[in-house]
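A.B. asks: Just a sequence and a predicted model for now, questions to come.
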Amino acid sequence: MKITPTAKIVRIDGYELFCPLPERIGNSRGFFESRAALLVSITTDAGVTGWGETWAYPGAAAAIVRRDLAPKLIGQDASAPRRLHDLMLRSLPERHGVPLMAVSALDIGVWDAAARAANKPLSAMLGGAMRDRMAAYVSGPFLKPGADPFQTYMADLDTYLDAGFRAIKLRLGTMPKRDAEIARQVRQRIGADMPLMVDLNQGFTIGPASDLAKRLAEYDVRWLEEPIAHDNLAGYKRLADGGTIPLAAGESLFGVEAFRDAVASGALTYLQPDMALCGGVTEMIKIAGLAEAFGMALVPHVWGTAVNFNATLQFAATLPSRGGHAMPCPMFEYDYSYNPLRTKFSANPVDANGTVAVSDAPGIGVEIDPAKFDSLLVQHWTVQ
């Protein structure tokens, strides 16, 4: 069947962004002092522009978008994002890592353009939002360099509580005994009922991770995230069989096939795909279906700029409520650290109940003005 284009893509722009941080922050694997991302804009012959993003390896992803993928989308119908996603996947020699990041950016942009053309929020294009506010958990505090990596931990924690957050995911990863002591202090500060999670960012091996899980159990930690390398499924299974704390992972997995293998391992309770890495909106739909089929909770990972933040917020609003878990799901991950790549374009305040509003504006619900990139912009290129 021949498909007649109704919203022809005529131009794709790439914006490689970078900003230094005012101080170094980190996790179990090290410290970082900057943020970077690739934003893409997809413009149709009707003058509609959609925005997409990837953030992990923006320079490498930009090369794939510019050379291999964007030329294939020029002249295609932006109102058919799933067809274009399949077109991109079929053109790739491999479906993981940086190539999937490149697909993610373009796929989000096509969905945004399609929703804006239809004058609907992305959530409506995905079948409709189930809620107009999302319960959010704050991701932090982060470790700091120096003799005491927890030197500002409690002050940062108080900032989160004052902002309205009512669920917290700690970044830990020093030594099990020391980490557990910090978790004890945090639990004492926030009270017995507030959800508390821990993220190790793949920094431990099985022995220390098991030790820490046992120590954390008495502080009602709801999940232990990425305790070991993301591709060590046998190790995750060993930890899960210990039964101390439910495990969460997924930000480092690409494509539904990788999530299939993680689900089949029986090790994870919470799946955490990142829309800007795993393959975009289209791949998130597949992964969400997989999670629902196996009765698992999908809690999207969120990092990067205002694009990924708001696109994921739209998607999360469409997820069904999932009971039977230690955490009320779905939940939305909120990076509250210094991030002009988000705050220049999107405020997203949290209310006193720890929830963030889901926009009913067209597309992903945020306007990106390239004029605001100014000092953030490293490189701009166009394919048309």
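C.D. replies: Cool, got the structure.

A.B. asks: so where do the strands sit in this structure?
C.D. replies: 9-27, 30-44, 49-54, 133-139, 168-171, 196-199, 221-225, 247-249, 270-271, 297-298, 332-334, 355-357, 377-383 (DSSP state E).

A.B. asks: so who does Arg184 touch?
C.D. replies: Tyr219 (Cβ atoms under 8 Å, 6 or more residues apart in numbering). Quick note: C-beta positions are derived from backbone N, CA and C, even for glycine.

A.B. asks: Now do it against Leu143, distance only.
C.D. replies: Using Cβ to Cβ, to the nearest Å, one gets 17 Å for the distance from Arg184 to Leu143.

A.B. asks: Next: Ala124.
C.D. replies: For Ala124, the distance to Leu143 - Cβ to Cβ - is 40 Å.

A.B. asks: Looking at those two now, which is surrounded by more residues?
C.D. replies: Just comparing Ala124 and Leu143: by other Cβ atoms under 10 Å the higher neighbour count belongs to Leu143, 25 against 16.

A.B. asks: looking at it, that one is touching Ile25, isn't it?
C.D. replies: Yes - if you go by Cβ atoms under 8 Å, Leu143 and Ile25 touch, sitting 7.0 Å apart.

A.B. asks: Give me the common contacts of the two.
C.D. replies: Common neighbours of Leu143 and Ile25 (Cβ under 8 Å, 6+ apart) are Phe31.

A.B. asks: Contact partners for the closest residue to Ser41 other than its chain neighbours?
C.D. replies: The shortest distance from Ser41 to any non-neighbouring residue, by Cβ to Cβ, 6 or more residues apart in numbering, is to Asp13 (4.6 Å). Contacts for Asp13 (Cβ under 8 Å, 6+ apart) come out as Val40, Ser41, Thr43, Pro370, His380, Trp381, Thr382, Val383.

A.B. asks: pLDDT of stretch 314-329, averaged?
C.D. replies: If you average the pLDDT over stretch 314-329, you get 84.

A.B. asks: mind starting the numbering at 15 from now?
C.D. replies: All right, first residue 15 from here; so that's stretch 328-343.

A.B. asks: first vs last residue of that stretch, how far apart are they?
C.D. replies: 15 Å (Cα to Cα, to the nearest Å).

A.B. asks: who's in contact with it?
C.D. replies: 135-137, 140-146, 148-149, 181, 209, 211, 236-237, 260, 283-284, 289, 295, 298, 302, 306, 309-314, 344, 346, 372-373, 378-379.

A.B. asks: Now the buried members of those residues.
C.D. replies: 135-137, 140, 143, 148-149, 181, 209, 211, 236-237, 260, 283-284, 289, 295, 298, 302, 310-314, 344, 346, 372-373, 378-379 (16 or more other Cβ atoms under 10 Å).

A.B. asks: Nearest the middle, which residue of this structure would you pick?
C.D. replies: Val316 (2.4 Å; Cα atoms, centre = their mean).

A.B. asks: before we move on, back to that, sort out which of the buried ones among the contacts of stretch 328-343 are in helices and list them.
C.D. replies: Leu136, Ser137, Met289, Val295, Met298, Ala302 (DSSP state H).

A.B. asks: Next one: the third one from Val24, what distance?
C.D. replies: So that's Met289. 25 Å.

A.B. asks: the helices in the stretch 65-214 of the chain, which residues?
C.D. replies: 72-78, 84-87, 95-104, 112-131, 136-139, 167-177, 190-204 (DSSP state H, counting those that start in this stretch).

A.B. asks: Could you take those and lay them out as CSV, with extra columns for mean pLDDT?
C.D. replies: Formatted as CSV, these follow (pLDDT from 0 to 100):
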stretch, mean pLDDT
helix 72-78, 97
helix 84-87, 98
helix 95-104, 97
helix 112-131, 98
helix 136-139, 98
helix 167-177, 97
helix 190-204, 98
